[in-house]
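*Asks:* Take a look and give me a structure for this.
(chains A and B)
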Amino acid sequence: MSSTETPLDLTPVAPPRSPSRSRWRSIAVLVVLAGAIIALLSQGLLHSLNYFETVDQVLAKRASFGTEVMRLEGVVKPGTIERNANGASFALEGSGAETVFVDAHGSPPQLFQANIPVVVVGHFTTKTGLDFNGTQILVKHTASYIAKYPNRVKAPNGTTR
Amino acid sequence: MIKDLSQRLLGPVTLVLLALTIWLGLWVTPPDAVQGNLVRLVYVHPSVAWVALYVSFGTATIASALYLWRRTRSMVMDRVAHCAMEVAVVFIALTLITGSIWGRPTWGVWWAWDARLTTTAILGVLALGYLALRRANDDPLLRARRGAVYAVLAAINVPIIHFSVDWWKTLHQGATVFTVNGKILIHGIQLWTLLMSFVAFTLLFIWLLRARYRLEVRRDAVSSTQLAQALVTRQREGAQ
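*Replies:* Numbering: from 1, shown residues only, chains lettered A, B, ... in the order given. Sure, this is the predicted structure:
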């Protein structure tokens, strides 16, 4: 350490902050943090940890759901999709034979198709009926990935894909 | 010698594996039967989430726990925890962004307040909270202790995120590789490319962590040197 180095700024500095000040700042951080987490949780999870009700669950306790707004999950029954100017109508099935008829407004997601699980936001039109008026369709794709052309996977130069 | 070599090779190997992942993911692997070309995001999003949740947040948690344990307590552990958490913030943000980009065309929405997405967003807030808490404390020892306790407590959210798709009904799909019954739901070149992406992004994390750690060490060294210089100068002033 030679005296030829750049002179240091030795003007008096403020004393280090006291631990109590650090404590209060830490508490402030934790309070803001708690507020942010509660705000995130309040967007949905505080009401219900489950994002939707399945068709099976709803059909088992149909009367208790009435006409309240809900998210209904089921599989789109093949051969029932009818697209129209407002959106699409289709039947939603669970594990049983009974189905819910959905009339949904708005354009469905690009993966919407028969045999795919969907979540429909909306409500039943009557307290005990099975007609569902949807305002939004969400596709819930599965965790399985299947190659479209499993026997044609090769290098891109080549040949087959 | 081997350590030097591995450190020298870390960057190039990471870049090669990332390039390979991109090449395989975009050009070689086939489209999915249902998702079509959207499936190509599977070679980015899960591996980024893997690094965010388990590798980086996990490293920060383990280093914090080691700091709290008297026998392994050192500022090295505190520094590792701090640097890993900074990298975790980046990867959590990337997880949410890539998930959103994938969600829009598949689900039909950018975001859904289901248990998986919400708890992941909370993890991001918790990681930012860790960094804020560190800045709120000036004393290095106090900062290290409070940060370590906080990181260990915040890590409780990681298993909640992991099992959220099994415990509750979510719009986010379940696990594809780390399934409860051990059955892997992706096969062939799709699986190998996915596994390569996991390795590539893990190496990227190590690379970033190492760079960030070295920066922190140098910053500490500069602070110590400046302090020593100031003390010497004061002593000389006193001697005059």
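*Asks:* CA atoms for contacts and neighbours, from now on please.
*Replies:* Noted.
*Asks:* For the helix or strand containing residue B:6, buried residues please.
*Replies:* According to DSSP states H and E, residue B:6 maps onto helix B:2-23. Buried residues in helix B:2-23, defined by neighbour count with 16 or more other Cα atoms under 10 Å in any protein chain shown: B:10, B:14, B:17, B:18, B:20, B:21, B:22.
*Asks:* okay, the residues you listed in a markdown table with distance to residue A:126 and pLDDT next?
*Replies:* Converted to a markdown table, the buried residues of helix B:2-23 look like this (distance: Cα to Cα, whole Å; pLDDT from 0 to 100):
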| residue | distance to residue A:126 | pLDDT |
| --- | --- | --- |
| B:10 | 64 | 94 |
| B:14 | 59 | 97 |
| B:17 | 57 | 97 |
| B:18 | 55 | 97 |
| B:20 | 56 | 97 |
| B:21 | 52 | 97 |
| B:22 | 51 | 96 |
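*Asks:* filter the residues you listed down to the ones near chain A?
*Replies:* Checked against chain A using Cα under 8 Å from any Cα of the partner chain, the buried residues of helix B:2-23 give no members in range.
*Asks:* that older thread, and for the helix holding residue B:6, what's in contact with it?
*Replies:* B:43, B:193, B:194, B:196, B:197, B:199, B:200, B:201, B:203, B:204, B:207 (Cα atoms under 8 Å, 6 or more residues apart in numbering or on different chains).
*Asks:* same thing but 10 Å
*Replies:* Residues outside helix B:2-23 that contact it (Cα atoms under 10 Å, 6 or more residues apart in numbering or on different chains): A:156, B:1, B:24-29, B:40, B:43-44, B:192-208, B:210.
*Asks:* The nearest residue to residue A:83 once chain neighbours are set aside: helix or strand, and which one exactly?
*Replies:* Once flanking residues are discounted, residue A:83 sits nearest to residue A:89: 6.4 Å by Cα to Cα, 6 or more residues apart in numbering or on different chains. Element membership for residue A:89, per DSSP H and E: strand A:87-93.
*Asks:* Next, the buried residues of that strand.
*Replies:* Across strand A:87-93, burial judged by 16+ other Cα under 10 Å covers A:87, A:88, A:89, A:90, A:91, A:92, A:93.
*Asks:* Let me see the contact set for the fourth one.
*Replies:* Yep, that's residue A:90 we're talking about. Applying Cα under 10 Å, 6+ apart to residue A:90 gives the contacts A:76-83, A:99-104, A:113-114, A:132.
*Asks:* Can you get me a residue count around the residue nearest to residue A:95 when sequence neighbours are not counted?
*Replies:* In this structure, residue A:95 finds its nearest non-sequential neighbour in residue A:56, 6.8 Å apart by Cα to Cα, 6+ apart. Residue A:56: 18 surrounding residues under other Cα atoms under 10 Å in any protein chain shown.
*Asks:* Shouldn't residue A:56 be within a strand?
*Replies:* No: assignment of residue A:56 by DSSP: H, G, I helix; E, B strand; the rest coil gives helix, placing it outside any strand.
*Asks:* Low-confidence regions, chain A specifically.
*Replies:* Along chain A, the model assigns pLDDT under 70 to residues A:1-8, A:12, A:14-19, A:150-161.
*Asks:* Good, we can wrap up now.
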